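# Structure of the sequence below:
(2 chains)
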Amino acid sequence: MVENEYETHEFDVIVIGAGGAGLRAAIESSAQGARTALICKSLFGKAHTVMAEGGIAAALGNVYPEDNWKVHFRDTMRGGKFLNNWRMAQLHAQEAPTRVLELEEWGALFDRTEDGHILQRDFGGHRYARLAHVGDRTGLEMIRTLQQRAVRQGIDVFMECTIMRLLTDGDRLSGALAYWRESGKFVVFKAKAIVLATGGIGKTYKITSNSWEYTGDGHSLALWAGADLIDMEFVQFHPTGMVWPPSVRGILVTEGVRGDGGTLKNAQGERFMFKYIPELYRAETAETAEEADRWFTDRSAARRTPDLLPRDEVARAINSEVKAGRGSPHGGVFLDIATRRDPEYIKRRLPSMYHQFKELAGVDITQEPMEVGPTCHYAMGGVRVDADTEAATIQGLYAAGEVAGGMHGANRLGGNSLSDLLVFGQRAGLAAARYALGLTGGVRIDAHQVETLAREALEPFERSDGENPYAIHQDLQECMQSLVGIIRIEGELKQAVDKIVALEDRAKKVRVEGHRQYNPGWHLALDLKSLLAVSKCITLAALERKESRGGHTRDDYPKSDPHFAKINVVLRQKKDQLGVAQEPLPEMPEDLRQLLEEKK
Amino acid sequence: MAASEYTMRIWRGDASGGAFCDYRVSVEPGMVVLDAIHRVQATQANDLAVRWNCKAGKCGSCSAEVNGRPRLTCMTRMELFPPGETITVTPMRTFPLIRDLVTDVSFNFGTAKQVPPFQPKPKEPDGTYRMQQEDIDRVQEFHKCIECFLCQNVCHVIRDHPEHKKHFAGPRMFVRYAALEMHPLDTDNRLELLKEKMGLELCNITKCCTEVCPESIHITDNAIIPLKERVVDAYYDPLARVFRKLTGTR
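Numbers count the residues shown, from 1 in each chain, chains lettered A, B, ... in the order given. Prediction:
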C-alpha cells in the first residue's frame, strides 16, 4: 500500500499552481462542493501573477461606452493573427467583465474614473481603453484578492510542494506525486480530477521577464501523461524589458508606459515605429507623430499611435533597429515618458516602474528615457483544451491560464492574460468539480509507478561524480536564446534540436550535493526534465511551421502562408516518442467571422 | 566597468545549528545581493538554500538580513557596499530556521487566516459599485504590501518576545486590518478583535516596521495609529461610552 509508505492525501480535485488561474479554479471547484486542494511550489501568494503590471482587459465600456465584447473579440483575434481558438476568444471577451466585477465584490480596489467607475487604460492592440488596473501593480491586487477569497473558503493549500509527475491507473488519471521542499519527502495526492495552472516556460530562455517558477512544469506534466500540446512555436517576446545593468536584463517594463503616453525612440531620436506599421493595422494607425499624439486626447479625428501596435510587431521593430545600428548604448532602444508627461503623473500612474528604475538602474524615469529591449515573456502555446470546459485530451485533466493553448493564437495582446486566468480558471474549476463529483468509486494509485518515479528522482544524490545542474540550465538558456529566439531559421533550429538532445544526455548524469531538505540544486535537477521537454517542443514546433506569424518569425519563410493559417502544430508523446503533427484549426462560425471583417 | 571581488559571509545550517561560510565572488556593476548569492549557489554551493521568485521586488520572497539590516536581497545593490568588503547575509531572525537563508514563515499565514473577511455592502442598482479615487487612495497604499514579512521580522513585540506570537497579529496584519476597516465598501467591524485578540495595544509605535518596508507603506502612521485611535474612540472615550449605554449600541 502506497499509503503506508508515503504521506498521502485524497481529494476530488487538485489544482496545481496558485497564480490567478489556479486560485480562481480552486475557488470555483470548492464552491461546487468538491473537496479541493491547491498545490503550489512557492509560498502562497508569490506566484507569477503577482508580477503582472498593466491591467486586466475587459470590455466594461466605462471609458468608451462604444466598447463591447464583439470589439474585444475582434481585437484579440487580430492580435493572434487569426490563429486563436475562436470559441475561447469569444468566451473570454464575453465573460471578462463579469469576472472583473466579481474581483471588486471580493475586495479589489481598481483605479477609478471621475464618476466612480473602474478606470480603464490603453494598451497595445486594444481598440479602446480597456484595461482595469491598479497603477502598475494590477497582478498583486488580483492575487491578494483571490488568495484571501481562497482562505475564506477554507481551501486546503499545500505550499512549497512541487508536483513531479501525474499518476495514472490504466488510461485514467489517478493523482500526482509531489515533494515537500522543506523536508524533501515525497507526498502522494489521490485525485479524480486535476487542473493544471502552472503558468509558462520563460526560464528556458536567458533573457526573460519570468520568475523562478516558469520552468514549463504543467506543459511537461501534460505531455508525459499523454495529453496534446498545441501552438508551442509561439513564444511572446515582450518588446520592453530592461536591458541595463546586466543583472536586471529582462525585467519587465509595462506596456502601460506606452499606454500612458510614452514613445519608443532610436539612438537618432527618431520615433521609429511609424516605419513598421503592418498592412493589417495600417488603416487604423496614425501616420505622423502629430496624429499619434493627438489620439491620446481625441479619438474622433486621430488614429492610434504605432507605439501601441501588438507586442510581436513592436518587438520585431526594436530588434530591427538594434540590428541596423540605431540602438541605445546597451543594445536596446529608448522609451521616453519623461519629456511627454509631468513627473507627478508618471509617479502616480507608474509607481513601480519609477521605483524599479530608480533602485535597480539608477535611472529617474521622470527625467530621462529608459533603455528597453525584447524579453521572453509568455507562451501562447500549451495544453490543448476544450474551449468551454478547459478539458485536456485525456480524461480528468484540465488546464487554465498560460499553460493552456489556443486562446491567444499566434500572439497575445497585453491585458488579455489576467482576464484569461479569471475566465478560464473559473470554467476549469467548474468543469473539474462536476466531473469529479460525477465519478463513482475511488481512484487507485499504482504503487509500482510511484516507486519508480521516487527512485529516479533520488538518483542525482547517488552519483559520485556528475554534472552541476546549474551548468546544464545555463547552456540550455544560451541555446534557446541564440537559436530559438525572436528570429528563427531552419539551420539554427536543427542545431538547437541536436543541442537539446545532447543536454538531455547530460541531464541524465546530473549530480546533486547535500541532502534532500530545501535543496535548490536538487530542485533544479528535477526541473531540468521539464525545461528540456518544453524546449524541445518549442523547437520542433518552430521547425514545423514554415511561415512567419505573430510570435513566430522565420527568416527563411518571412511571409504568412495561407496553408498554415488553418493549422495548429500539435505535439504528442506516445511511448516516449515525441510526435509533431499538423491538425486543422476549429472552424469559426459565419456570424463571428463577420465581426472580424467589419472595418471600424 | 570592471568586476570587483566581494566576500559573501552566508549563514549555513538548519534548526539544529550551523555556521557562517565565506565565499569569494566577482560582482559586475548593477548586481544585487541575490545575484551574488545565486552566483555562489551556481558555482560553489549548489545546495545553498535561498527563497526567491521574481527578482524584481514584486513578490517579497527573498527577505533576509544583510549586514544586520532586514532587506529584500533582490533590491539591495552590491554597490551599496565598498568593493572588497565582507557582506554578511543571515536569515530573518524572528522566524524558525528551515535551512540556510530560508525560514518557516507559516506564522504569517496563520494570522492571515484569523482576519475576518471582507464584507461588502450591497451593489448599486446597475450591479456595480461607485467609489471615488480619493476615498480609496489610502487603502490602495495598504494593498501595495508584497508580504515580504520584513515588518513582522523586525517588530520587537515578536522578535524579542516570541511568546507574543500567540496573541499578536503583527504589522503586516495590522496593515491588512486597516485596509479592511478603511475599505469604502466594507461593513464589518474588527475593532474588538484587534483590541482583545490581535494585540494591537502591544505595539509601541517605534516605527521599525515602517523603516524596513520595501514598498514604503507608512505602516505606523497610516495603519497602526489610526487603528489605535479607532479602538480608543470606541472603547475608551467616556462620551461615546455614555452614548452607547443610552442607545444600546456596541
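
# Just the C-alphas of the helix or strand harbouring A:C479, formatted as CSV.
Per DSSP states H and E: A:C479 is located in helix A:469-483. Provided in CSV are the C-alpha atoms of helix A:469-483 (Å, rounded to 0.1, in the frame of the first residue of the first chain):
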residue,chain,number,x,y,z
PRO,A,469,22.6,21.1,-12.8
TYR,A,470,23.2,24.9,-13.0
ALA,A,471,25.7,24.5,-15.8
ILE,A,472,23.2,22.5,-17.8
HIS,A,473,20.4,25.0,-17.3
GLN,A,474,22.7,27.8,-18.3
ASP,A,475,23.7,26.0,-21.5
LEU,A,476,20.0,25.4,-22.3
GLN,A,477,19.2,29.1,-21.8
GLU,A,478,22.0,30.1,-24.1
CYS,A,479,20.8,27.6,-26.8
MET,A,480,17.2,28.7,-26.7
GLN,A,481,18.1,32.4,-26.6
SER,A,482,20.5,32.3,-29.5
LEU,A,483,18.9,29.6,-31.7
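
# Check which helices and strands that helix sits against.
Helices and strands touching helix A:469-483, by 3 or more Cβ pairs under 8 Å, 6 or more residues apart in numbering or on different chains; DSSP states H and E, are helix A:490-507, helix A:520-544, helix B:33-43. The C-beta positions use only the backbone N, C-alpha and C, and glycine is treated the same way.

# Recalculate using a threshold of 6 Å.
When contacts are defined as 3 or more Cβ pairs under 6 Å, 6 or more residues apart in numbering or on different chains; DSSP states H and E, helix A:469-483 packs onto helix A:490-507, helix A:520-544.

# Indicate the residue of chain B located nearest to chain A.
B:G30 (2.1 Å; Cβ to the nearest Cβ).

# Is it correct that that residue is in contact with A:S247?
Yes. Counting by Cβ atoms under 6 Å, B:G30 does reach A:S247; the two are 4.9 Å apart.

# How about the residue in the stretch 101-250 of chain A positioned nearest to chain B: what's its closest non-neighbour residue?
Of all residues in the stretch 101-250 of chain A, A:P245 sits closest to chain B, at 2.1 Å by Cβ to the nearest Cβ. Of all residues not flanking A:P245 in the chain, B:G30 sits nearest, at 2.1 Å (Cβ to Cβ, 6 or more residues apart in numbering or on different chains).

# That neighbour falls within a strand, correct?
No. Going by DSSP: H, G, I helix; E, B strand; the rest coil, the assignment for B:G30 is coil, not a strand.

# Quick check: residues of the stretch 201-350 of chain A near chain B?
Contact residues (Cβ under 6 Å from any Cβ of the partner chain) of the stretch 201-350 of chain A with chain B: A:S211, A:W212, A:P245, A:S247, A:I251.

# Please produce TSV containing these, extended by secondary structure and neighbour count.
Formatted as TSV, these follow (DSSP: H, G, I helix; E, B strand; the rest coil; neighbours: other Cβ atoms under 10 Å in any protein chain shown):
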residue	secondary structure	neighbour count
A:S211	coil	25
A:W212	coil	23
A:P245	coil	20
A:S247	helix	24
A:I251	coil	24
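
# Lowest-confidence entry in the residues you listed?
Checked by pLDDT, these have A:S247 as the lowest-scoring entry (88).

# Just say helix, strand or coil for B:T7.
The local conformation at B:T7, judged by three-state DSSP, is strand.

# Low-confidence ranges, the chain, go.
Since no chain was named, I'll use chain A. A:1, A:598-600 (pLDDT under 70).

# my bad, the chain I had in mind was chain B
Applying pLDDT under 70 to chain B flags the ranges B:1, B:249-250.

# 90 instead, please
Regions of chain B meeting the criterion pLDDT under 90 cover residues B:1-3, B:29, B:83-84, B:127, B:236-250.

# Name the residues of it found near chain A, please.
B:29-31, B:35, B:42, B:46-47, B:49, B:52-54, B:56, B:58-59, B:61, B:75, B:98-99, B:102, B:113, B:117-118, B:120, B:129-133, B:136, B:139-140, B:143, B:147.

# How much space separates B:P125 from B:Q44?
Distance, B:P125 to B:Q44, using Cβ to Cβ, to the nearest Å: 65 Å.

# So what touches the host helix or strand of A:V580?
A:V580 belongs to strand A:577-584 when assigned by DSSP H and E. Strand A:577-584 is contacted from outside by A:L540, A:E544, A:K566, A:I567, A:N568, A:V570, A:L571, A:R572, using Cβ atoms under 6 Å, 6 or more residues apart in numbering or on different chains.

# Identify the residues contacting the nearest residue to A:H219 once chain neighbours are set aside.
Distances taken as Cβ to Cβ, 6+ apart put A:V534 closest to A:H219, at 4.9 Å, once the chain neighbours are dropped. Neighbouring residues of A:V534 by Cβ under 6 Å, 6+ apart: A:I201, A:G216, A:H219.

# mind checking how far the residue nearest the centre of chain B is from A:D555?
Nearest to the geometric centre of chain B sits B:F149, at 3.0 Å (Cα atoms, centre = their mean). B:F149 sits 48 Å away from A:D555, going by Cβ to Cβ.

# I figured B:L34 hits B:T73, correct?
Yes. Contact status for B:L34 versus B:T73: in contact at 4.1 Å, counting by Cβ under 6 Å.

# Name the nearest of the residues of the stretch 201-350 of chain A next to chain B relative to A:Q449.
Proximity of those to A:Q449 (Cβ to Cβ) peaks at A:W212, which lies at 28.3 Å.

# tell me the secondary structure for the residue lying closest to the closest one once chain neighbours are set aside?
Closest residue in space to A:W212, ignoring its immediate chain neighbours: B:N53 at 5.0 Å, by Cβ to Cβ, 6+ apart. The three-state assignment at B:N53 reads coil, by three-state DSSP.

# tell me the contacts of B:N53?
Residues in contact with B:N53 (Cβ under 6 Å, 6+ apart) are A:S42, A:K46, A:S211, A:W212, B:C59, B:S61.

# same question, A:D386
A:D386 neighbours (Cβ under 6 Å, 6+ apart): none.

# can you list residues touching both of B:L34 and B:T73?
Common contacts of B:L34 and B:T73 (Cβ under 6 Å, 6+ apart): B:C62.

# B:K144 reaches B:P214, doesn't it?
No. B:K144 is not in contact with B:P214 according to Cβ under 6 Å; the separation is 9.8 Å.

# Of these two, which one has the most company?
Taking neighbours as other Cβ atoms under 10 Å in any protein chain shown, B:K144 and B:P214 compare with B:P214 leading, 23 against 19.

# Need the three-state assignment for that one.
Three-state call for B:P214 (three-state DSSP): coil.

# how about the nearest residue to it, chain neighbours excluded?
B:L72 (4.9 Å).

# What of A:H117?
Nearest in space to A:H117, with sequence neighbours left out and distances taken as Cβ to Cβ, 6+ apart, is A:N62 at 4.3 Å.

# Got the domain ranges for chain B?
Per automatic domain parsing, the structural domains of chain B span B:4-103, B:106-247.

# would you list these in TSV and tack on distance to A:I155?
As requested, the domains of chain B are exported to TSV (distance: least, Cβ to Cβ, whole Å):
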stretch	distance to A:I155
domain B:4-103	21
domain B:106-247	11
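
# Give me the subset of the residues of chain B next to chain A lying in strands.
B:I98, B:R99, B:V102 (DSSP state E).

# Give me the neighbour count for the second one.
Looking back up the chat, that one is B:R99. Number of residues near B:R99 (other Cβ under 10 Å) recorded here: 26.

# who's in contact with it?
For B:R99, the contacting residues are A:Q517, A:Y518, B:D14, B:A49, by Cβ under 6 Å, 6+ apart.

# Run through the bridge partners of it.
Beta-bridge pairing of B:R99 under DSSP bridges involves B:D14, B:V102.

# which residues in chain B form helices?
Along chain B, the segments classed as helices by DSSP state H run B:33-43, B:106-113, B:133-143, B:150-154, B:156-159, B:171-181, B:191-196, B:208-212, B:225-235, B:238-247.

# list the buried ones in the second one?
Of the residues in helix B:106-113, those buried by neighbour count under the rule 16 or more other Cβ atoms under 10 Å in any protein chain shown are B:F107, B:N108, B:F109, B:T111, B:A112.
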